[in-house]
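*Asks:* Okay, sequence plus prediction incoming.
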Amino acid sequence: MRKHLTRHTCKLALCVLCALTLSACQGGGIPVRTEPTVTLPPASQPYIAPIGDAALAYTQPSTLFLPTVDGERLVAVTQEVGYSLARLDAESLVRSLLQAPGDAMTQPLGGDVKLALYGANPVEVSGDVATVNLAASALQLDRDALYLCAQAITNTLCTQKNIRYVNLLVMDRQIGLDLASTLPMGALTRNVTNIVSGTYEQALTQRVQPGEAAQDKRLNATVALYFPLRSRYGVMSEARNISFNGQTPEQMIAQILQTLSAGPVTTLDSPPIPLLEGLTTEAPVVDEPESGGGKRILLKFDSSLWDMLQNVGVPRVNFLASICDTLTTFIPNIAGLTVVVGEERIDHVMMGATDGVLFTDGLIRRADFAPFLLDNATLYFANPNGDGLVATLRPIAYYKRTNPRALLLELFAGPGEADSVQQLGSVLPTNTLGDADILGLALSEQTLLLNVSTKFSQALTGFSGQQARQLAYAIANTLLCSDRAKMLCLFQSGLNLPSPPGDVDWSGVFYPNPEYALQAGR
């Protein structure tokens, strides 16, 4: 009888243990350490601690849009695309699209013309606006063929959940829809029918016809506006539909300046710039300098411009980046801008006491501001009460928005003035960890591996259990922002991270927990 009871008791205990184990697995979040009744060696992870960031690449089936052989419509094809957490997904998509060979039903993008990307960062994404910069080979295409390529690129990029508008440039210039480069292409949106035959001719109906005056021909177009930020150096983009009263470049420039002056709708930390158009002392001029190099826009402002920018808190370099990026992205065949404030031609602009940007021959080019285009990254910091996390948006270089190393460095830096939510607390002592303390990052299937230096454990000295949980969730929620990485595993100097007193098992696998962050918003 006693033997039967003992066996029954053991079975019951095993059932309870299994139930507890299953419920813990379903909960996700961070691994919680329980005090063992028997001392056993820790379970080893099936991962190897990374050194460097070379192993962040992966492949994934993706949708690309290629033109049919007759060029009448676009066809969605599924293809394995090579991605990397350290590179913009949009750039990976466009590179695969340009290399897609076509088949019996479809043709390669550009047909017999081999298309390529231009520049160090040829695909930009800010807000919901993407800009693709093609190399000079695109100039071999007829305008209708270039438009077909632009629509194929647009449909492909709009499969990304954060992209709605696409600009196409060739070597940093807007080419325009017509052969004379007078009608802007504007920002394109996805063609939901995939039928492109006739759409180019329909777009051309807005151009100035023989016998019509350009200043009286109205134009409706979607314009990518680049708004200057206040709390850090940079600009962010929004698309806006603008009805132009006329199609002379001078009219379009003046109306764009007026729209920029009113300020953004969704971009944070960008104030309106009142009376911007009113500060121009002469009408904008589009000319071609004798030195050659293409057309330029000449803008002359009153000397009070700098004081006005200082009053609204906008750095000069941000203002120049704003008008340069906006105008050169939309107005066709513009090489750059020349800006005169008072009687002074702007040949350079300073950022603090020692840094600045130099404009060769006084021509302000789009490429001068490549590092200034920003996009919002989501970071997690402690709420004012210290009992939860708050998600905040921070503008950072657009190509770093999903880069795990860049996100960690932003998290290590603590809350900032440009964050969308203020009065938050750091989850680590601010600036105690730096780039050298991130020894390596890698992706293994759906698990992101992070190897940190011993300074990580030192920074946790004196942490309570609540603070440890906050840090664990802040790191997991911030880094697991892509659709690929679902889990996080930490190492310290190549070994499992030691767990100080508390209930967080740092040697386990971490899952994101957005609900923990929502606690602070209630």
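*Replies:* Yep, it's here. This one's a predicted model, so the numbers in the text were calculated from it and none came from an experiment. Numbering: from 1, shown residues only.
*Asks:* ok, now which ones touch residue 371?
*Replies:* Each residue near residue 371 by Cβ atoms under 8 Å, 6 or more residues apart in numbering is listed here: residue 397. All C-beta atoms are positioned from the backbone trio N, CA, C, and that covers glycine.
*Asks:* next one: residue 452
*Replies:* Here residue 452 is in contact with 433, 437, 438, 439, 490, 491, 492, 493, 497 (criterion: Cβ under 8 Å, 6+ apart).
*Asks:* The same query, at a cut-off of 10 Å, please.
*Replies:* The contact partners of residue 452, taken as Cβ atoms under 10 Å, 6 or more residues apart in numbering, are 49, 408, 433, 437-441, 459, 475, 490-493, 497.
*Asks:* Mind checking which residue lies nearest the centre of the protein?
*Replies:* Among the residues of the chain, residue 398 comes closest to the average C-alpha position under Cα atoms, centre = their mean, at 3.7 Å.
*Asks:* What backbone torsions are found at that one?
*Replies:* Comment: the main-chain dihedrals of residue 398 come out as phi -60, psi -30, following degrees, to the nearest 10.
*Asks:* Mind telling me what element the closest residue to it other than its chain neighbours is part of?
*Replies:* For residue 398, the nearest residue in space outside its immediate sequence neighbours is residue 375; the separation is 3.9 Å by Cβ to Cβ, 6 or more residues apart in numbering. Residue 375 is part of strand 374-382 when elements are defined by DSSP states H and E.
*Asks:* Quick check: next helix or strand after that strand?
*Replies:* strand 389-397.
*Asks:* I'd like the average pLDDT over that next one.
*Replies:* Over the span of strand 389-397, the pLDDT mean works out to 95.
*Asks:* report the angle between the axes of whichever helix or strand comes after it and strand 389-397?
*Replies:* Per DSSP H and E, the first helix or strand lying C-terminal to strand 389-397 is helix 404-413. Here helix 404-413 runs at 120 degrees with respect to strand 389-397, directions being taken by axes from the mean of the first three to the mean of the last three Cα atoms, to 10 degrees.
*Asks:* The helix or strand following helix 404-413 pairs with which strands, parallel or anti?
*Replies:* Moving toward the C-terminus from helix 404-413, the next helix or strand (DSSP H and E) is strand 438-444. Pairing partners of strand 438-444, with direction, according to DSSP bridges: strand 52-55 (parallel), strand 447-452 (antiparallel).
*Asks:* Figure out how far the last one is from the centre of its chain.
*Replies:* What it means is strand 447-452. In this view, strand 447-452 has its centroid 22 Å away from the chain centroid, taken as Cα atoms, centre = their mean, to the nearest Å.
*Asks:* With stretch 406-423 instead?
*Replies:* Worked out by Cα atoms, centre = their mean, stretch 406-423 lies 16 Å from the chain centre.
*Asks:* Buried residues, it. List them.
*Replies:* 406-416, 418-419, 421 (16 or more other Cβ atoms under 10 Å).
*Asks:* do the same with stretch 260-279
*Replies:* In stretch 260-279, the ones that count as buried by 16+ other Cβ under 10 Å are 260, 263, 264, 267, 268, 269, 270, 271, 273, 276, 277, 279.
*Asks:* how about the strands in the stretch 251-400 of the chain?
*Replies:* Counting by DSSP state E, counting those that start in this stretch, the stretch 251-400 of the chain has these strands, from start to end: 285-287, 295-301, 334-341, 344-345, 348-351, 355-358, 374-382, 389-397.
*Asks:* For these, could you give me TSV that also reports mean neighbour count and distance to residue 127?
*Replies:* Shown next, in TSV, are the strands of the stretch 251-400 of the chain (neighbours: other Cβ atoms under 10 Å; distance: least, Cβ to Cβ, whole Å):
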stretch	mean neighbour count	distance to residue 127
strand 285-287	14	28
strand 295-301	20	24
strand 334-341	22	22
strand 344-345	12	32
strand 348-351	14	23
strand 355-358	12	23
strand 374-382	24	7
strand 389-397	22	10
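*Asks:* Can I get those in TSV including distance to residue 111?
*Replies:* Converted to TSV, those look like this (distance: least, Cβ to Cβ, whole Å):
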stretch	distance to residue 111
strand 285-287	33
strand 295-301	29
strand 334-341	28
strand 344-345	44
strand 348-351	43
strand 355-358	39
strand 374-382	33
strand 389-397	35
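*Asks:* Ok, which of the ones you listed comes nearest residue 515?
*Replies:* Across the strands of the stretch 251-400 of the chain, the minimum distance to residue 515, taken as Cβ to Cβ, is reached by strand 389-397, at 10.0 Å.
*Asks:* Can you list the strands that the closest one pairs with?
*Replies:* According to DSSP bridges, strand 389-397 forms sheet pairs with strand 374-382 (antiparallel).
*Asks:* Neighbours of residue 162, how many?
*Replies:* Around residue 162 there are 16 other residues, counting by other Cβ atoms under 10 Å.
*Asks:* ok so it is a strand residue?
*Replies:* No: with DSSP: H, G, I helix; E, B strand; the rest coil as the criterion, residue 162 is assigned coil and is not in a strand.
*Asks:* Report the contact partners of the closest residue to it other than its chain neighbours.
*Replies:* Taking Cβ to Cβ, 6+ apart, and ignoring the residues beside it in sequence, residue 162 has residue 128 as its nearest neighbour in space, at 6.1 Å. For residue 128, the contact set (Cβ under 10 Å, 6+ apart) comprises 158, 160-165, 187, 237-239, 266, 375.
*Asks:* Could you dump those residues into CSV and include distance to residue 336?
*Replies:* Conversion of these to CSV gives the following (distance: Cβ to Cβ, whole Å):
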residue, distance to residue 336
158, 30
160, 30
161, 34
162, 29
163, 27
164, 28
165, 23
187, 21
237, 19
238, 23
239, 23
266, 28
375, 24
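*Asks:* For the protein, give me the ranges with low pLDDT.
*Replies:* Scanning the chain for pLDDT under 70 picks out the ranges 1-45, 291-292, 500-503, 517-522.
*Asks:* Drop anything exposed from the contacts of residue 128.
*Replies:* Restricting the contacts of residue 128 to buried positions leaves 158, 160, 162, 163, 164, 165, 187, 237, 238, 239, 375, with burial counted as 16+ other Cβ under 10 Å.
*Asks:* from those residues, which is closest to residue 83?
*Replies:* Relative to residue 83, and with distances defined as Cβ to Cβ, the nearest of the buried ones among the contacts of residue 128 is residue 160, at 11.5 Å.
*Asks:* The closest one against residue 93, yeah?
*Replies:* Yes: distance between residue 160 and residue 93: 7.3 Å, which falls inside the contact criterion (Cβ atoms under 10 Å).
*Asks:* Give me the common contacts of those two.
*Replies:* Common neighbours of residue 160 and residue 93 (criterion: Cβ under 10 Å, 6+ apart): 62, 130.
*Asks:* now the helices: where do they sit in the stretch 1-150 of the chain?
*Replies:* 2-27, 89-99, 143-157 (DSSP state H, counting those that start in this stretch).
*Asks:* and the second one, how far out from the chain's middle?
*Replies:* Pointing back at helix 89-99 there. Using Cα atoms, centre = their mean, the mean C-alpha position of helix 89-99 is found 15 Å from that of the whole chain.
*Asks:* the inter-axis angle of it versus helix 143-157?
*Replies:* Interaxial angle, helix 89-99 versus helix 143-157 (the same axes, to 10 degrees): 130 degrees.
*Asks:* Pull out the buried positions in helix 89-99.
*Replies:* By neighbour count with 16+ other Cβ under 10 Å, helix 89-99 contains the buried residues 89, 90, 91, 92, 93, 94, 95, 96, 97, 98.
*Asks:* Likewise for stretch 312-328?
*Replies:* Buried residues in stretch 312-328, counted by 16+ other Cβ under 10 Å: 314-328.
*Asks:* Ok, stretch 177-191 next?
*Replies:* 177, 178, 181, 182, 183, 184, 185, 186, 187, 188, 190, 191.
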